[in-house]
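Engineer: heads up, no residue letters with this:
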DNA sequence: GATTGATACTTGACACGTCAATCATAATCA
DNA sequence: TGATTATGATTGACGTGTCAAGTATCAATC
């Protein structure tokens, strides 16, 4: 039965199988997921023709951010919000394409440090403008206030 | 050029490699992608313990929506925004778990019609409350106006 | 009514995302 | 010091997203 929730009598609850939130909350959740899909697709459309995937691009961006310092595998994983196992294989592919280089740390031999290489930097430089344009177009119909509002609301959703 | 936006002369544009949008637009784009990740993770946390993945759940929801009418494969794919090849294998797994049944259409033998089965409906019923709760919690700190606003802004991003 | 072109789906190949298990190295502390 | 535990990374297995090819069926047309 599971009817404990549902304060007052609540027509809605009786009629619609006791699901008080079906409606705006679900609509917003679905909107977030679908919008992210659309955005991801657009960015992929810009990036993949250059021979790397969106995730590989994200890793290169992270490595460029720390360049010339290398980063250990787990550190990259944290910034990507992704689980570690994935990172290892992602780096395998980037290394085989010559965009990054890996080496064991001397101080702590458990660490594998990844550096971005010249071809990686060149590829990013080549993509910067198009990616910025895509970002701009994604929110192109929003004014500055709306963009700020969207960003703030999404942050609250993440922290919820 | 598309420089109409960008208020005053714009130092930013000159200095930072002529990338006027790096900043708020990129921040908003990243916010959308990261928020969707968080939301997806939360929903998965509710659904996967019951033995199906989030995508399988979405397919079952779609099939419940049309029940007792079955749906052809492509129709399901369109509602998921996913490419067809993925749907076929998704349905393979749902079928092997007994949640759906497939059959060739008699009128048009190219079509494969998928029906949701009793165990599928039961599983969904079992999940409805928890999923609704998760949706509600995701946007729990937003008031009704903010939820509507978020949904509307995201829709504009998708249409951009 | 046989050929041609579209449509609906399937299969193969590769890139992730994620969990569980494993291996090497460090750190701890008995 | 030697055993135990913690940490960092990798591997294996499975589900999914996506592209390119392939197969079966239908529709059109000659």
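Structural biologist: Structure's in. What do you need? Please read these numbers as outputs of a predicted model, since none were measured by experiment.
Engineer: When you work out contacts or count neighbours from here on, use the C-alpha atoms and nothing else.
Structural biologist: Fine.
Engineer: Pull out the buried residues from the longest helix along chain A.
Structural biologist: Counting residues, the longest helix in chain A under DSSP state H turns out to be helix A:24-47. Neighbour-count burial for helix A:24-47, counted by 16 or more other C-alpha atoms under 10 Å in any protein chain shown, picks out A:24-26, A:28-40, A:42-44, A:46-47.
Engineer: Is that helix in proximity to DNA strand C?
Structural biologist: No: under the criterion of C-alpha under 7 Å from any atom of the strand, helix A:24-47 makes no contact with DNA strand C; the nearest approach is 10.1 Å.
Engineer: who touches that helix?
Structural biologist: Here helix A:24-47 makes contact (C-alpha atoms under 8 Å, 6 or more residues apart in numbering or on different chains) with A:53-54, A:57, A:127, A:130-131, A:134, A:138, B:29, B:32-33, B:35-36, B:39-40, B:132, B:135-136, B:138-139, B:144, B:147-148, B:150-151, B:154-155, B:157-158.
Engineer: what do you get for stretch A:140-150?
Structural biologist: A:139, B:24, B:25, B:28, B:150, B:153, B:156, B:157, B:160.
Engineer: Mind checking which of the contacts of helix A:24-47 land in helices?
Structural biologist: Using DSSP H, those in helices are A:54, A:57, A:127, A:130-131, A:134, A:138, B:29, B:32-33, B:35-36, B:39-40, B:132, B:135-136, B:138, B:144, B:147-148, B:150-151, B:154-155, B:157-158.
Engineer: Which of those residues are buried, as a ChimeraX select command?
Structural biologist: ChimeraX command restricting these to the buried ones, with burial defined by 16+ other C-alpha under 10 Å:
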select /A:54,57,131,134,138 /B:29,32,33,35,36,39,40,132,135,136,138,147,150,151,154,155,157,158
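Engineer: Kindly report the residues of chain A close to DNA strand D.
Structural biologist: So far as C-alpha under 7 Å from any atom of the strand goes, chain A lies against DNA strand D at A:41, A:72-75, A:84-89, A:110-113.
Engineer: Where does the prediction get shaky in chain A?
Structural biologist: A:1-21 (pLDDT under 70).
Engineer: Identify the residues contacting residue A:156.
Structural biologist: Residue A:156 sits next to residue B:141 when contact means C-alpha under 8 Å, 6+ apart.
Engineer: Neighbours of residue A:69, how many?
Structural biologist: Using other C-alpha atoms under 10 Å in any protein chain shown, residue A:69 is surrounded by 12 other residues.
Engineer: Look up phi and psi at it.
Structural biologist: Backbone torsions for residue A:69, taken as degrees, to the nearest 10, come to phi -80, psi 140.
Engineer: do residue A:104 as well
Structural biologist: Per degrees, to the nearest 10, the backbone of residue A:104 is at phi -70, psi 140.
Engineer: Same question for residue A:68.
Structural biologist: phi -90, psi 10.
Engineer: Please apply the same query to residue A:99.
Structural biologist: phi -90, psi -20.
Engineer: Same check on residue A:71?
Structural biologist: Main-chain torsions, residue A:71, degrees, to the nearest 10: phi -130, psi 140.
Engineer: Please name the residues that touch it.
Structural biologist: Contacts of residue A:71 by C-alpha under 8 Å, 6+ apart are A:63, A:113, A:114, A:115.
Engineer: and the residue most central in space within chain A, what is it in contact with?
Structural biologist: Centroid-nearest residue in chain A, with C-alpha atoms, centre = their mean: residue A:80, separated by 6.5 Å. Counting by C-alpha under 8 Å, 6+ apart, residue A:80 touches A:58, A:59.
Engineer: Going by distance to chain B, which of the residues of chain A next to DNA strand D wins?
Structural biologist: Nearest to chain B among the residues of chain A next to DNA strand D: residue A:41, at 10.9 Å, using C-alpha to the nearest C-alpha.
Engineer: Quickly note the distance from that closest one to residue A:66.
Structural biologist: 27 Å (C-alpha to C-alpha, to the nearest Å).
Engineer: do the same with residue A:49
Structural biologist: Relative to residue A:66, and taking C-alpha to C-alpha, residue A:49 is found at 26 Å.
Engineer: Compare these two (neighbour count), which wins?
Structural biologist: residue A:66 (12 against 9).
Engineer: how much space between that one and residue B:37?
Structural biologist: 24 Å.
Engineer: Also residue A:38?
Structural biologist: Distance from residue A:38 to residue B:37, by C-alpha to C-alpha: 14 Å.
Engineer: Chain A against DNA strand C: which residues are in contact?
Structural biologist: Counting by C-alpha under 7 Å from any atom of the strand, chain A sits next to DNA strand C at A:52-56, A:81-87, A:90, A:93, A:106-110.
Engineer: Now with 10 Å, please.
Structural biologist: A:48, A:51-59, A:77, A:80-94, A:96-97, A:104-111 (C-alpha under 10 Å from any atom of the strand).
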